[in-house]
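>>> Would you be able to build a 3D model of this:
(one chain, ligands or ions: 1)
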Amino acid sequence: MNTTALLQADHLTLKRQHKTVLDNISLTLQPRQIMTLIGPNGCGKSTLIRVLLGLETVDSGHIERRPGLRIGYMPQRLSLDQRMPLTVQGFLQLSRGATAATIQHWLQRLNITALAPQSVHDLSGGEWQRVLLVRALLSQPDLLVLDEPVQGVDVQGQMELYQLIPQLRDELGCAVLMVSHDLHLVMAATDEVICLNGHVCCSGHPDQVSINPAYIQLFGIRPDKTPLAHYTHHHDHQHCAGDHGHASPLAPPAIGGIRHD
Ligand SMILES: Nc1ncnc2c1ncn2[C@@H]1O[C@H](COP(=O)(O)OP(=O)(O)OP(=O)(O)O)[C@@H](O)[C@H]1O
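Below is the predicted model of the structure:
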């Protein structure tokens, strides 16, 4: 394995019911790197994540993780028995290594302290996502794995979450591996994109991937004839107080972190 890498996968292949779900996939994740897997529905993103975590085995190929690697995992779905009464605080306490202090710290950091006494069954989709993110952070991971972290989160919340990810990387010094459907939203928070469709169609820096013919073929072209591209906001003027008339809907929100509505 590359001596500095947290995780290295070589030539992973996995078949399910005669379908090749993962086809000769190789990747290397370095410390503090933010890597995003992107691709259409059913292209193997979640399966690859589960394989890298050791939750599923491949038919061929090899995975090496740095010894002692701590991983925080936010799954795409986690269903709980509806009959089991459980508060957010109680749910988080079930995590290995969680202490009252670390739970309090991350609830505060993600601006969801008010959810602690609430039943997990009464949360909105976006609130549940934030609780799952807290759960993934509790182990002080070296590698944070987020499988579609913005599911059920409103558009403003999605932008805030993607702003938060590099901040969490800096605070924890961890690497991040995430799955996303929207390269446009995720690009600014990503060092490397892997565009997946069973096999790796293309990979590299988001700016390069967004103009790669394989990516354009998979995701198409925007109505304005441009491929999905990194949004850059060149802000060359000042707003007066109370001037909301020309604010860009994509302008970064003033508050960092995740909003709790
Ligand atoms: N246990 C299984 N048995 C049969 N097929 C499976 C199994 N697990 C996954 N698959 C198939 O493998 C493919 C990849 O599934 P996966 O969930 O990894 O896709 P994905 O890219 O994460 O999709 P989405 O974007 O919809 O979440 C799909 O076609 C799925 O039906």
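>>> Looking at the stretch 51-200 of the chain, what residue ends up closest to the ligand?
Nearest to the ligand, among the residues of the stretch 51-200 of the chain, is residue 76, at 6.2 Å (Cβ to the nearest ligand atom). C-beta: built from backbone N, CA, C; applies to glycine.
>>> Chain neighbours aside, what residue packs nearest to that residue?
Excluding the flanking residues, the one nearest residue 76 by Cβ to Cβ, 6 or more residues apart in numbering is residue 147, at 4.1 Å.
>>> Check residue 158 and give its pLDDT.
Looking at residue 158, its pLDDT is 86.
>>> can you check the one 5 residues further on too?
If you check residue 163, the pLDDT there is 89.
>>> Ok, the one 10 residues further on next?
In the predicted model, residue 173 carries a pLDDT score of 96.
>>> Ok, residue 258 next?
29.
>>> Ok, residue 138 next?
95.
>>> That one and residue 10: what is the separation?
Residue 138 sits 31 Å away from residue 10, taking Cβ to Cβ, to the nearest Å as the criterion.
>>> With neighbour numbers in mind, choose between the two.
residue 138 (19 against 15; other Cβ atoms under 10 Å).
>>> Quick one: residues contacting that one.
Contact analysis of residue 138 by Cβ atoms under 8 Å, 6 or more residues apart in numbering lists 72, 92, 95, 97, 98, 102, 103, 106.
>>> and what of residue 189?
Contacts of residue 189 by Cβ under 8 Å, 6+ apart are 34, 162, 163, 165, 166.
>>> Quick one: the strands in the stretch 51-200 of the chain, in order.
With DSSP state E, counting those that start in this stretch, the ranges of strands along the stretch 51-200 of the chain come out as 60-65, 71-74, 143-147, 175-180, 192-197, 199-204.
>>> now the first one and strand 143-147, what's the angle there?
I take that to be strand 60-65. 130 degrees (axes from the mean of the first three to the mean of the last three Cα atoms, to 10 degrees).
>>> just to revisit the earlier point, which of the contacts of residue 189 sit farthest apart?
Of all pairs drawn from the contacts of residue 189, the greatest distance, 12.3 Å, lies between 34 and 163 (Cβ to Cβ).
>>> Settle it for me: which of those two has more neighbours?
Taking other Cβ under 10 Å, residue 34 and residue 163 do not tie; residue 34 has more neighbours (21 against 17).
>>> in the sheet, who's paired with the more buried one?
Beta-bridge partners for residue 34, by DSSP bridges, are residue 176.
>>> Quick check, it in contact with residue 170.
No. Contact criterion Cβ atoms under 8 Å: residue 34 and residue 170 do not qualify, at 10.6 Å.
>>> which residues of the stretch 151-261 of the chain score low on pLDDT?
Applying pLDDT under 70 to the stretch 151-261 of the chain flags the ranges 221-261.
>>> So which residues on it come close to the ligand?
Residues of the stretch 151-261 of the chain found near the ligand (Cβ under 6 Å from any ligand atom): none.
>>> how about a cut-off of 8 Å?
179, 181, 196 (Cβ under 8 Å from any ligand atom).
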